Every structure is written in C-alpha cells, then in structure tokens.
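[1] Need coordinates for the following:
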Amino acid sequence: MDGEQIPIGWASAPITEGDWAGWRSFQSPDPFEDLTGPYYFKIEPDGAVLCGLRAEPKHMNGAGFMHGGCIMTFADFALFAIAHAKIAGLRGVTATLNGEFIGAVSSGTVLEARGEVIKAGRSLVFLRGLVSAASEPVMTFSGVIKRVRPV
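    A predicted model of the protein is given here:
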C-alpha cells in the first residue's frame, strides 16, 4: 500500500524537509483538526499506517502534561488514517471512541499511533490501536467509524 491509495485531494504530497520529511498530512476541510494539529501520517513498507503529532504548549493541561482530550483527538485522527482504505470514496463519522490512558506526555514529545482494522462491514469499520511516545505506551484505543455517503 502506498500514499497513492489515499483519496486524491485528501493527502498532501510527501513532506520533503524538516522533522516530518517523508510524512504526509490530510488536506481535508476540517477546521477542528487545523486548530488541534498538525497531524501527520505515513504508510510503512509493510502497509501499516503510522500517525504522528508533536506535543506543543497549546496541547498541555494545567499540570504541564498533554491534555487527555488532545490525546483522544489524536486517536480519532488515527482511526480515520488507519481506516482510509476501508472508507475510500465515502465519508465517515466516529460512532464510538474508547481510550485507556496509561502514560503522560510532555511538551516537545512526538506521539505516534498505530492500529489495525478489526472488521469492516457495509457501514461500520471496527478498529483498535496504541498511542505511544518515545516508545512508551500512552493510551490504548478502540473505535468504530460509521461510513456515510457524501452530501
């Protein structure tokens, strides 16, 4: 699998410079992701999707660690990146998203999310994954995407 299987118009060309060289971003009309990101992804040689986010000061909570809601938002982004091939040509909405927090994240740290599609039916796609930082687990997640037709 390569980036060409990502719907045209939704994925940027690979980034060529800086810390995110080789990664891509989704070019979707999602103002919330613009506000809470930037989020990145790449397709690994084995076809797996790897998602990335650098924890910035705007992502921190009052205790100085990454806000749990931000980690959940990153997991939600990862759901759609991981499931992109199963929802191609359609749109999707998050039906459920569950997360278990098991670690903390400091500003400047890069988060990664990996996961897998467990089952893809006609209208529902079931997924699970792991968010990690510096090779340490931060949150496990599972979710369901409901495929919908574009309006």
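[2] ok now do the residue nearest the centre of the chain, which residues does it touch?
    Residue closest to the average C-alpha location in the chain (C-alpha atoms, centre = their mean): residue 78, at 2.0 Å. Residues counted as contacts of residue 78 (C-beta atoms under 8 Å, 6 or more residues apart in numbering) are 49, 51, 113-115, 129, 131, 141. In this view, the C-beta of every residue, glycine as well, is placed from N, C-alpha and C.
[3] hey, where'd the strands end up in the chain?
    Ranges of strands in the chain, per DSSP state E, are 40-43, 49-54, 91-101, 110-120, 124-133, 136-148.
[4] buried stuff in the lowest-mean-pLDDT helix or strand in the chain?
    Lowest by mean pLDDT, DSSP states H and E among the helices and strands of the chain is helix 31-36, with a mean of 82. For helix 31-36, the neighbour count (16 or more other C-beta atoms under 10 Å) marks 33, 36 as buried.
[5] mind checking how far it is from the chain centre?
    In terms of C-alpha atoms, centre = their mean, to the nearest Å, the centre of helix 31-36 is found 13 Å from the chain centre.
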